[in-house]
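Novice: got a structure for you, letters missing:
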């Protein structure tokens, strides 16, 4: 059985590492010829618009999945002519656009923050009137790790929004004062079975996930499960989905973002749960029995961002597991993570 | 850092899977062009006598290790001109020859069963007189998983030893009546640090390891540690070493075999210990800090031999971890293993 993965970043790499022991083979497709999964599986380096290479990719595999939701919907539709692409087109098209995502949540009566579409400077002023300060302006597409975001604190910020942002379709979102941020990682199988990992609390720094730790028996999980099941049904979803929440000052649970894929806040599951999110995603898309999502230990996952200590120094932490992605150092780039049993 | 591995079987594959998260790259050398690690790392398919390919291999890596002790000593010596080969030449030359291994144990005053060299039919009769019945005849080299072995129960078996066996240098070993078999997996670093995993009890069937389970706090470990430290010192050993023991009916501990490499009876460490034997072998040969060898859970490892159920059925065991090696089915061949938390 050969799995095609759209995207060969660290998530693709960890999918391969989780799938090889199950006897699976892989084929990566990534435009970047230095993508970090390239050494672990045959890799086609092509643009997502290149139909010749996409067809070659599709014909070489049994099923296609993705590690990144920023793949053009048309490319997914083209690939679907040849092979099954899971999770499907609906989840990817909605979640790759912050406005469509928020509208979808609203339509499904799932709590999310107030928002408004932004297409020009005038919309920014209207957003201020509608949402109040502070609010965030984000590009609708291709933002991650805090990129393509700006916070508007008051009137004086209204006219300073750079054209580089406003030249692209944006969304304004009301700022949420929150007690904590957490993620829920779900796994859904075609049988309609849905299982959940323990909730994990996240700490972000400069818009990038910094640490995550799992919280068995946290009551918030029970409260948000219906929202996630609702999304899974609406998307006819199969595989791992991560949903980020805010718990606001009034203890309401508000969806921040949906990731239709394995997710950074689920990396703790490699050592912290009985079955990792990566292996369960593969099992789910193949309609194989899902693995146990229970926590095996309390763990803390910390991202290694921008620069790295040398490996020898990292390994001195005897109770930690090191995961390096093989990427060059760069400010704000996720280069690896370290999971510690606590 | 690029690690060269001589041999691309399942042990090589699991070394790669353990090393990639540490940021390591790999280069495999294996004569078999269908060896199961070939998809995970660049692989040179060459004979172990091919000095051109061996040199090319050595020049492409930073350090060389092996997953198989049946590599000609001359090939190791040739490679050593270019790069460090660990564990070194001494361990490999002694342990690849059952007679040299037994003589080495004897010289170091480490208990092993009585033995005698066999070069012809006359030696077989002398062995019977020296050792008594039953005794085993084994080829000195290249035997594994019970291959190249014969048990001699009494006088009537003496003349039936096939020429295919006697055409090669052999050893006769006195049969040991044992209460149990167990292995000890050690990890030794250049700093002279030696650490041990919990002892694991083994059950063999038809000469092939069938199951292993870890036994924390088993007193036998303390009794055999001095023997293993003795071997490590004698070989100037660096890396993982597995030593198989019999506990005889009088509760003596008798060395059966030494493996100068990661070993099948250590596969339980992937999920059963905090750091696997594979990752610790890599750390040891690089002189990096060693990882915690303590058991994380009680586990049972079972080999999948000869034929495989389909993966879907294997995955129905919710408390188990599946490891498939990607090898074709064949009677007596190790195709994978399954580790269960007990």
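Specialist: Sure, I can see it. Everything quoted here is computed from the prediction, not taken from an experiment. Numbers count the residues shown, from 1 in each chain, chains lettered A, B, ... in the order given.

Novice: okay, CA-based contacts and neighbour counts for the rest of this
Specialist: Noted.

Novice: Would you state the helices of the stretch 101-250 of chain A in chain order?
Specialist: Shown for the stretch 101-250 of chain A, the helices assigned by DSSP state H, counting those that start in this stretch span residues A:121-131, A:155-158, A:163-166, A:220-235.

Novice: Give me the helices and strands touching the first one, please.
Specialist: Using 3 or more Cα pairs under 8 Å, 6 or more residues apart in numbering or on different chains; DSSP states H and E as the contact test, the elements touching helix A:121-131 are strand A:115-118, strand A:170-174.

Novice: Mean neighbour count, mean pLDDT and distance to residue A:188 added to these, as a markdown table?
Specialist: Listed next are these as a markdown table, based on neighbours: other Cα atoms under 10 Å in any protein chain shown; pLDDT from 0 to 100; distance: least, Cα to Cα, whole Å:
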| stretch | mean neighbour count | mean pLDDT | distance to residue A:188 |
| --- | --- | --- | --- |
| strand A:115-118 | 21 | 96 | 29 |
| strand A:170-174 | 25 | 95 | 29 |
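
Novice: Make a markdown table from the ones you listed and add distance to residue A:152 to it.
Specialist: Conversion of the helices and strands packed on helix A:121-131 to a markdown table gives the following (distance: least, Cα to Cα, whole Å):
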| stretch | distance to residue A:152 |
| --- | --- |
| strand A:115-118 | 13 |
| strand A:170-174 | 10 |
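
Novice: right, so of the ones you listed, which gets closest to chain B?
Specialist: Chain B lies closest, by Cα to the nearest Cα, to one member of the helices and strands packed on helix A:121-131: strand A:170-174, at 37.2 Å.

Novice: Just name the shakiest helix or strand of chain A by mean pLDDT.
Specialist: One helix or strand of chain A scores below all others by mean pLDDT, DSSP states H and E: helix A:163-166, with a mean of 82.

Novice: and that one, what does it pack onto?
Specialist: For helix A:163-166, there are no packing partners by 3+ Cα pairs under 8 Å, 6+ apart, so no helix or strand.

Novice: Check which residues of that helix are buried.
Specialist: For helix A:163-166, burial by neighbour count (16 or more other Cα atoms under 10 Å in any protein chain shown) applies to A:165, A:166.

Novice: again, but for stretch A:102-119
Specialist: Applying 16+ other Cα under 10 Å to stretch A:102-119 flags A:102-105, A:110-118 as buried.

Novice: Next: stretch A:182-199.
Specialist: For stretch A:182-199, burial by neighbour count (16+ other Cα under 10 Å) applies to A:182-189, A:194-199.

Novice: which one of these is nearest residue A:142?
Specialist: Comparing the buried residues of stretch A:182-199 against residue A:142 with Cα to Cα places residue A:183 closest, at 20.4 Å.

Novice: The closest one and residue A:241 touch, don't they?
Specialist: No. Using Cα atoms under 8 Å, residue A:183 is not in contact with residue A:241, being 10.1 Å away.

Novice: Please name the nearest non-neighbouring residue to residue A:124.
Specialist: Of all residues not flanking residue A:124 in the chain, residue A:118 sits nearest, at 6.4 Å (Cα to Cα, 6 or more residues apart in numbering or on different chains).

Novice: The one you found and residue B:213: what is the separation?
Specialist: For residue A:118, the distance to residue B:213 equals 62 Å [Cα to Cα, to the nearest Å].

Novice: next one: residue A:150
Specialist: Per Cα to Cα, residue A:150 is found 56 Å from residue B:213.

Novice: and what of residue A:244?
Specialist: 40 Å.

Novice: Compare the two (neighbour count), which wins?
Specialist: Just comparing residue A:244 and residue B:213: by other Cα atoms under 10 Å in any protein chain shown the higher neighbour count belongs to residue B:213, 28 against 20.

Novice: Can you name the residues bridging to the closest residue to that one other than its chain neighbours?
Specialist: Among residues not flanking residue B:213 along the chain, residue B:300 sits closest, at 4.4 Å (Cα to Cα, 6+ apart). Beta-bridge partners for residue B:300, by DSSP bridges, are residue B:213, residue B:340.

Novice: Return the residues in contact with residue B:300.
Specialist: Residues near residue B:300 by Cα atoms under 8 Å, 6 or more residues apart in numbering or on different chains: B:211, B:212, B:213, B:214, B:268, B:339, B:340, B:341, B:342.

Novice: what about 6 Å?
Specialist: Residue B:300 makes contact with B:212, B:213, B:339, B:340 under the criterion Cα atoms under 6 Å, 6 or more residues apart in numbering or on different chains.

Novice: number of nearby residues for the last one?
Specialist: Counted by other Cα under 10 Å, the residues lying close to residue B:340 total 21.

Novice: who's in contact with the residue lying closest to residue A:197 once chain neighbours are set aside?
Specialist: If the residues on either side of it in the chain are set aside, residue A:197 comes closest to residue A:293, at 5.1 Å by Cα to Cα, 6+ apart. Neighbouring residues of residue A:293 by Cα under 6 Å, 6+ apart: A:197, A:273, A:274, A:275.

Novice: Among those, name the buried ones.
Specialist: Buried among those by 16+ other Cα under 10 Å: A:197, A:273, A:274, A:275.

Novice: residues touching the third one, list them.
Specialist: By Cα under 6 Å, 6+ apart, the residues touching residue A:274 are A:292, A:293, A:296.

Novice: What about those, which are in helices?
Specialist: Of the contacts of residue A:274, none are assigned to helices by DSSP state H.

Novice: ok, and what's touching the helix or strand residue A:55 falls within?
Specialist: Residue A:55 belongs to helix A:51-59 when assigned by DSSP states H and E. With Cα under 6 Å, 6+ apart as the contact definition, helix A:51-59 has no outside contacts at all.

Novice: how far is it from where the chain is centred?
Specialist: Helix A:51-59 has its average C-alpha position 25 Å from the chain's average C-alpha position, going by Cα atoms, centre = their mean, to the nearest Å.

Novice: Can you give me the buried ones in it?
Specialist: For helix A:51-59, burial by neighbour count (16+ other Cα under 10 Å) applies to A:53, A:54, A:55, A:57, A:58.

Novice: Any chance you could list what contacts the helix or strand that that helix is followed by?
Specialist: Using DSSP H and E, the helix or strand that directly follows helix A:51-59 along the chain is strand A:63-66. Strand A:63-66 is contacted from outside by A:3, A:4, A:5, A:6, A:83, A:84, A:85, A:86, using Cα under 6 Å, 6+ apart.

Novice: most neighbours, which of these?
Specialist: That'd be residue A:5 among the contacts of strand A:63-66, by other Cα under 10 Å, with 27 neighbours.

Novice: No more questions from me, cheers.
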